[in-house]
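K.L.:
With the input below, show me the fold.
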Amino acid sequence: MNGNFYLDALVSGNSKVISKIYEINFKQVKRFIVQNKGNTEDAEDIFQKALLQIAMRHKKDGIQINTTFDGFLFTVCKNLWRRELNTHKNRVTNSDVVEQVSEAKDNATAIIEQKRQELFVEMLNKISENCKMILSMFFAKTSYAEIVASTEYTSETVVRQRVFKCKKRLTDLIKEDQRFNSLREL
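P.N.:
Residues are numbered from 1 along each chain as shown. The predicted model follows:
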């Protein structure tokens, strides 16, 4: 089943398919959140928010998923949880000031982050296979020495130069896309 089947099921409220989504994906999301300063309740909240957000975006914009639905859902959950952690970190909590974050603003930010991620993945798929491989290793925090060992490059200096050129190419592609300006930091 493709990702769009799951999107349609979320919008229509197909409880069998939604239960299957929970069964397949919730454990991974829960593990990520618990390992990153959260608990089971946090994981349930984030998972629910992610499903609602995805359903709203599909209903409104008719989004298409170019990766697996599971990967897409996990990325949305990760982004929501990271933003949640940042929000708590930035909150002032004393007797005089309590900052409340608007749910609507939170959802809008999540949608923008997801659209940025989609633009990034789309542009990553437009660069050469060699650049994709090098950047994937770089983004996975693989050391330059390990990259040299697993490729045909002769030195760490050559790998550094290649990473720089590939990042520049990726950045240029992203900046050239018409969606870039609407997704920049406000």
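
K.L.:
my read: C166 touches I127, true?
P.N.:
Yes. Assessed by C-beta atoms under 8 Å, C166 is found in contact with I127 at 6.5 Å. C-beta coordinates here come from the backbone N, C-alpha and C atoms, glycine included.

K.L.:
quick one, which of the two is more surrounded?
P.N.:
Here C166 and I127 are set side by side on neighbour count (other C-beta atoms under 10 Å), and the busier one is C166, at 20 against 17.

K.L.:
in which helix or strand would I find Y22?
P.N.:
Using DSSP states H and E, Y22 sits within helix 15-35.

K.L.:
What helices and strands are in contact with the helix or strand following that helix?
P.N.:
Downstream of helix 15-35, the first helix or strand assigned by DSSP H and E is helix 40-61. Using 3 or more C-beta pairs under 8 Å, 6 or more residues apart in numbering; DSSP states H and E as the contact test, the elements touching helix 40-61 are helix 3-12, helix 15-35, helix 69-90, helix 103-124.

K.L.:
what about helix 40-61, average pLDDT?
P.N.:
For helix 40-61, mean pLDDT rounds to 87.

K.L.:
buried sites along the helix or strand bottoming out on mean pLDDT in the chain?
P.N.:
Using mean pLDDT, DSSP states H and E, the weakest-scoring helix or strand in the chain turns out to be helix 103-124, at a mean of 74. Buried residues in helix 103-124, counting neighbours by 16 or more other C-beta atoms under 10 Å, are found at 106-107, 109-119, 123-124.

K.L.:
What is the subsequent helix or strand relative to that helix?
P.N.:
Under the assignment DSSP H and E, the closest C-terminal helix or strand after helix 103-124 is helix 129-139.

K.L.:
just checking, what packs against the helix or strand that that following helix is followed by?
P.N.:
Sequence-wise, the next helix or strand beyond helix 129-139 is helix 144-150, with elements assigned using DSSP H and E. Helices and strands touching helix 144-150, by 3+ C-beta pairs under 8 Å, 6+ apart, are helix 129-139, helix 156-176.

K.L.:
Measure how the shortest one sits relative to helix 103-124, angle-wise.
P.N.:
The reference is to helix 129-139. Direction vectors for helix 129-139 and helix 103-124, defined by axes from the mean of the first three to the mean of the last three C-alpha atoms, to 10 degrees, enclose an angle of 140 degrees.

K.L.:
now what about helix 129-139, what contacts it?
P.N.:
Under the contact criterion C-beta atoms under 8 Å, 6 or more residues apart in numbering, helix 129-139 has outside partners 124-125, 127, 146-147, 150-151, 159, 162-163, 165-167, 169-170.

K.L.:
what do you get for the last one?
P.N.:
Residues from elsewhere that reach helix 156-176, judged by C-beta under 8 Å, 6+ apart: 119-120, 123-124, 126-127, 130-131, 134-135, 138, 144-145, 147-148, 151, 153, 180.

K.L.:
mind redoing it with 10 Å?
P.N.:
Under the contact criterion C-beta atoms under 10 Å, 6 or more residues apart in numbering, helix 156-176 has outside partners 116, 119-120, 122-124, 126-128, 130-135, 137-139, 142-148, 151-153, 155, 180-181, 183-184.
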